[in-house]
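Undergrad: okay, predicted coordinates and the sequence, questions at the end:
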Amino acid sequence: MSIYVNRVLNMKHIKAIGFDMDHTLVEYHTEDFENLVHQESLKKLVTNLKYPKELLKLKFDARRVIQGLVIDKAKGNILKLSRFGKVKQAYHGLQELSFKEMQKEYRTMVIDLSDPSYQSLDTAFSISNGVLYLQLVELKSKERIDHSFEKIATDIKYVIDLCHRDGTLKSEVQSHVEKYIRPNPKIPECLENLKANGKLLLLITNSEYAYSKTLMEFAFDPYLKNHKSWMELFDVSLTLCKKPRFFTERQSFLQIDSSNGSMKNYEGDDYNGLFQGGNANDLQNFLGLEGEEILYLGDHIFGDVVSIKKTCGWRTALVCYPIEDEVLAVKKSNTKQEKIDLLMKEKINLESNYKVNAQKIDAINNEISDLIVDIQKNYNPFWGELMRAGAEESRFADQLEKYACVYMKSVADLKEYGANFYFRPFKRSLPHEL
């Protein structure tokens, strides 16, 4: 796969490269993992929060949600927004809102995500959250649940967080790591190549040490050629970092003894090795680098990308699994999209005398509509394109463009470009230049 460039990134000037672990260095079988989250969260909704037992019959359908959607906790809807914050598509439960219904609810609104009434679904880890919300709102519409839309959203987030905190998910993954983790030998190969070319390698993950150890030993150690283990490969490994706080607060470092996993407070200033916690400011001072000399790769648009750009000024890269399917769908759609573009030009010319050409314009509109329906079959059956909301860029695409210097399907894609490649964006055409 290609690496897609938003702004100039000269890898020759990058001295250190940091990596998130989950969904970045370690690739998941996403649908299997999110199905696990879905099922375990349903159990906790029933057992801990006394939701109806019929919830346990609900099945997970990963197609129902894509990254970049937004929950409207006040109205019980899941929204797809344009880059301008306008609602372009919405579901209430499992039912899509009609254009008239959307207009009635949102026509004059620009959605402000700083408003606590809205919850973003920005990562691969948020797919199950969105599916659960759609399903529970559907049950509420059938009067099987009495809770408010906001409480449903709060309860879902609570049980998912609880599944992460109490070990429900991690113990299952650690016990059946081959079911949930997809080894990609090209990623360890890529990192060894970067290190051989003089790059410092940093692991910066929110997962705790024991979980990180299991996953990294499975995904990395069997494929390393020049290092004995992942811990030897990374110059600094930081676990349980609590991003985005890692980039915004002065958290202390705990040194980890890799022989037994024990930890102790660390007051020194040499951060080579294995730690828990820590902060970007002290790490950067230890490395003796400017922010522009550090690149960080992660999968979370806010925790791994936006927070970096707004605080420490490191360069950023987003790992986005769905981009592979998106690119394939774009290629499948190219011929029909080109036909739509030609029809639109013809329509614009005819519109200069609408009364005379009304019948021809209607025929063109019908043809365009049919082509759009055909194109949408190449994308998600419920939400369409990841990167577009109608003719405009989606909110997810807008965040990606603003805050990620480059983006890619996998860390392994870096290997194809070399350690010192000069990434340059294509010139973007402005409306008046077309």
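TA: In hand now; what should we look at?
Undergrad: which phi and psi does the residue nearest the centre of the chain have?
TA: Using CA atoms, centre = their mean, the residue of the chain that lies closest to the mean C-alpha position is T123, 3.1 Å off. The phi and psi values for T123, taken as degrees, to the nearest 10, are phi -120, psi 170.
Undergrad: who touches it in this structure?
TA: Neighbour list for T123: H23, Q67, D299, H300, I301 [criterion: CB atoms under 8 Å, 6 or more residues apart in numbering]. Yep, even glycine has a C-beta here, placed from its N, CA and C like the rest.
Undergrad: let's see 10 Å
TA: 22-23, 67-68, 129, 298-304, 320 (CB atoms under 10 Å, 6 or more residues apart in numbering).
Undergrad: so how many other residues sit close to E401?
TA: Using other CB atoms under 10 Å, E401 is surrounded by 17 other residues.
Undergrad: in the chain, where is pLDDT below threshold?
TA: Scanning the chain for pLDDT under 70 picks out the ranges 303-304.
Undergrad: residues in contact with the most far-flung residue of it relative to its centre?
TA: The outermost residue of the chain relative to its centre, with distances by CA atoms, centre = their mean, is V356 at 49.4 Å. V356 makes contact with L350 under the criterion CB under 10 Å, 6+ apart.
Undergrad: the one 5 residues further on too?
TA: Residues counted as contacts of I361 (CB under 10 Å, 6+ apart) are E346, K347, I348, L350, E351, Y354.
Undergrad: equivalent analysis for G418, please.
TA: By CB under 10 Å, 6+ apart, the contact list for G418 reads M11, K12, N193, L194, N197.
Undergrad: give me the secondary structure label for V131.
TA: Following DSSP: H, G, I helix; E, B strand; the rest coil, V131 is assigned to helix.
Undergrad: can you count the residues close to it?
TA: V131, neighbours per other CB under 10 Å, totals 27.
Undergrad: from I156, how far off is it?
TA: Computed with CB to CB, to the nearest Å, the distance linking V131 and I156 is 10 Å.
Undergrad: could you identify the helix or strand that succeeds the longest helix along the chain?
TA: Longest helix in the chain, counting residues (DSSP state H): helix 323-350. Sequence order places helix 354-376 as the next helix or strand after helix 323-350, per DSSP states H and E.
Undergrad: got the CA coordinates for that next one in PDB?
TA: Included here for helix 354-376 are C-alpha records, laid out as PDB according to Å, rounded to 0.1, in the frame of the first residue of the first chain:
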ATOM      1  CA  TYR A 354     -33.500  25.900 -17.600                       C
ATOM      2  CA  LYS A 355     -37.000  26.300 -19.000                       C
ATOM      3  CA  VAL A 356     -36.000  25.100 -22.400                       C
ATOM      4  CA  ASN A 357     -33.800  22.300 -21.100                       C
ATOM      5  CA  ALA A 358     -35.800  21.100 -18.100                       C
ATOM      6  CA  GLN A 359     -36.600  17.700 -19.600                       C
ATOM      7  CA  LYS A 360     -33.000  17.000 -20.500                       C
ATOM      8  CA  ILE A 361     -31.800  18.200 -17.100                       C
ATOM      9  CA  ASP A 362     -34.300  15.800 -15.400                       C
ATOM     10  CA  ALA A 363     -32.900  12.900 -17.500                       C
ATOM     11  CA  ILE A 364     -29.400  13.800 -16.600                       C
ATOM     12  CA  ASN A 365     -30.300  14.000 -12.900                       C
ATOM     13  CA  ASN A 366     -31.800  10.500 -13.100                       C
ATOM     14  CA  GLU A 367     -28.800   9.100 -14.800                       C
ATOM     15  CA  ILE A 368     -26.500  10.700 -12.200                       C
ATOM     16  CA  SER A 369     -28.600   9.300  -9.300                       C
ATOM     17  CA  ASP A 370     -28.400   5.800 -10.800                       C
ATOM     18  CA  LEU A 371     -24.600   6.100 -11.100                       C
ATOM     19  CA  ILE A 372     -24.300   7.300  -7.500                       C
ATOM     20  CA  VAL A 373     -26.300   4.300  -6.300                       C
ATOM     21  CA  ASP A 374     -24.000   2.000  -8.200                       C
ATOM     22  CA  ILE A 375     -20.900   3.700  -6.800                       C
ATOM     23  CA  GLN A 376     -22.100   3.400  -3.200                       C
END
